[in-house]
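1. predicted model follows, preceded by the sequence.
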Amino acid sequence: MSNIDLSQVITAEDKQRRAAEARQLAAKTECRRRILAVVDEMTQMNLAHALLTEHARRRSGGSAPALTDDDVATILRMQDWIAEMQAACAGAMGGADHWPAPPGGLAALAARF
């Protein structure tokens, strides 16, 4: 009788799966780090709320705008950029390392919020 526990054997498939999981985690972590370096989560929420508020204000013909047209465009580009970053994350999981640059003016707008 052998003292070898075959249930503890690590196969090549196990090693590949673990390596893929590690790449996925590293890519997601890097994507998050890059986004948050430009605009943190609270600021993202504040900007999204400001955009919704501005949209409602413009539809109702309300008071003076809180956001300029450039601000609105920058927020919309931010949302597109975050989606592009998330798509690039999938590529990074496969070994590619191409991260889109944040939109111009985003850091300055984020600083205001």
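-> Noted; the coordinates are in hand.
2. so what's the spatially most central residue of the chain up against?
-> Most central in the chain under Cα atoms, centre = their mean is I82, positioned 4.5 Å from the mean C-alpha point. Contacts for I82 (Cβ atoms under 8 Å, 6 or more residues apart in numbering) come out as 35, 44. Every C-beta, even on glycine, is put in place using the N, C-alpha and C of the backbone.
3. now with 10 Å?
-> Shown here is I82, whose contacts under the criterion Cβ atoms under 10 Å, 6 or more residues apart in numbering are 31, 35, 38-39, 44, 100, 102.
4. mean confidence (pLDDT) on the helix or strand harbouring it, please.
-> Using DSSP states H and E, I82 sits within helix 69-93. For helix 69-93, the mean per-residue pLDDT is 92.
5. what residues of it count as buried?
-> 71-72, 74-75, 77-78, 81-82, 84-85, 88-89, 92-93 (16 or more other Cβ atoms under 10 Å).
6. what about that helix, distance to the chain center?
-> 7 Å (Cα atoms, centre = their mean, to the nearest Å).
7. what number of residues lie near A66?
-> A66 has 11 neighbouring residues, counting by other Cβ atoms under 10 Å.
8. would you confirm that it contacts A56?
-> No. With contact defined as Cβ atoms under 10 Å, A66 does not reach A56; the gap is 11.0 Å.
9. for the longest helix along the chain, name the packing helices and strands.
-> Secondary structure of the chain per DSSP state H: the longest helix is helix 12-38. Counting by 3 or more Cβ pairs under 10 Å, 6 or more residues apart in numbering; DSSP states H and E, the packing neighbours recorded for helix 12-38 are helix 41-60, helix 69-93, helix 106-112.
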